[in-house]
Structure formats: C-alpha cells, structure tokens
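**Q** Could you work out the structure for the sequence below:
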Amino acid sequence: MIARYALYAALSLALALGGWSMWLMRANAGLTVKNASLERSVAAYQAQAEQAALARDVEAARAARFAQQSAEMAAKIETILTGGIPDAVLDPDLADLLNSLRD
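**A** Numbers count the residues shown, from 1 in each chain. The predicted structure is shown next:
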C-alpha cells in the first residue's frame, strides 16, 4: 500500500518536473527570440548613430567651406569699396551688379 502511494508520488513528481521543464524551455525560446530582436534593434541604432555622426561631419565641412567663401567675398567687396583692385577674378554676378551701378 505504501509502495503504491510512493509510486504515485514519484509519478506525480516526475510529471510536475516534466511540465516545469517544458514551461522553462518555452520561456527560454521566447526570451531567445526577444533577445535576437533587441540585438537587431541595437545594430540598427548603432548604424543610425554612425550615419548621424557622418552627416554632422559633412555639414561641418560644408559650413566651413561656406564661411571661407563668405570671408573671401567680403574681402573682395571691401577691396573694391576702398578703391583697390582685387587680385582674384571677381564673381560674375557681383561684376554685373557693379557694372550696372556704374552705368
């Protein structure tokens, strides 16, 4: 009689442990899928951050180039206004404007 109850207890314990093991495997599979998704998200955010850094560098170089062109043009205009003759060729649009003012 006691052996039968011990057998039932052992079988119940085996079924409970098997069910718990199956639940843990399913939970692990779900977490593995979520982990892969998060890794892809991190990779996408890293690529986006790299592109943003590159865009900042490009825009900084473009702004520096425009600032240099602006300074050169301002120096040419100042030279013209003070009566000097610039060494560099004058921008065609500015030359047309100055020639129209002279006529």
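
**Q** Any regions of this protein where pLDDT drops low?
**A** Scanning the chain for pLDDT under 70 picks out 83-88, 102-103.

**Q** and Met73, how many residues sit next to it?
**A** 14 (other Cβ atoms under 10 Å). Placement of C-beta: from N, CA and C, glycine included.

**Q** what about it, distance to Leu31?
**A** 62 Å (Cβ to Cβ, to the nearest Å).

**Q** Same question for Val42.
**A** From Val42 across to Leu31, the span is 16 Å (Cβ to Cβ).

**Q** One more: Leu24?
**A** Distance from Leu24 to Leu31, by Cβ to Cβ: 10 Å.

**Q** From Ser70, how far out is Leu94?
**A** Plainly put, Leu94 is 13 Å away from Ser70 if you go by Cβ to Cβ.

**Q** These two: which is more packed in?
**A** Leu94 (13 against 10).

**Q** quick one: contacts for that one?
**A** Met73, Lys76, Ile77 (Cβ atoms under 8 Å, 6 or more residues apart in numbering).

**Q** Try it again at 10 Å.
**A** Leu94 is in contact with Met73, Lys76, Ile77, Ile80, counting by Cβ atoms under 10 Å, 6 or more residues apart in numbering.

**Q** Pull out the buried residues from the residues you listed.
**A** Lys76 (16 or more other Cβ atoms under 10 Å).

**Q** what's the closest of the contacts of Leu94 to Leu38?
**A** Met73 (51.9 Å; Cβ to Cβ).

**Q** phi, psi of the closest one?
**A** The phi and psi values for Met73, taken as degrees, to the nearest 10, are phi -70, psi -40.

**Q** And Arg65, by the same measure?
**A** phi -60, psi -40.

**Q** Tell me the spacing between it and Val89.
**A** From Arg65 over to Val89 the distance is 19 Å, taken as Cβ to Cβ.

**Q** Check Ala9 too.
**A** Ala9 is 101 Å from Val89, by Cβ to Cβ.

**Q** Lys76 too?
**A** Distance from Lys76 to Val89, by Cβ to Cβ: 10 Å.
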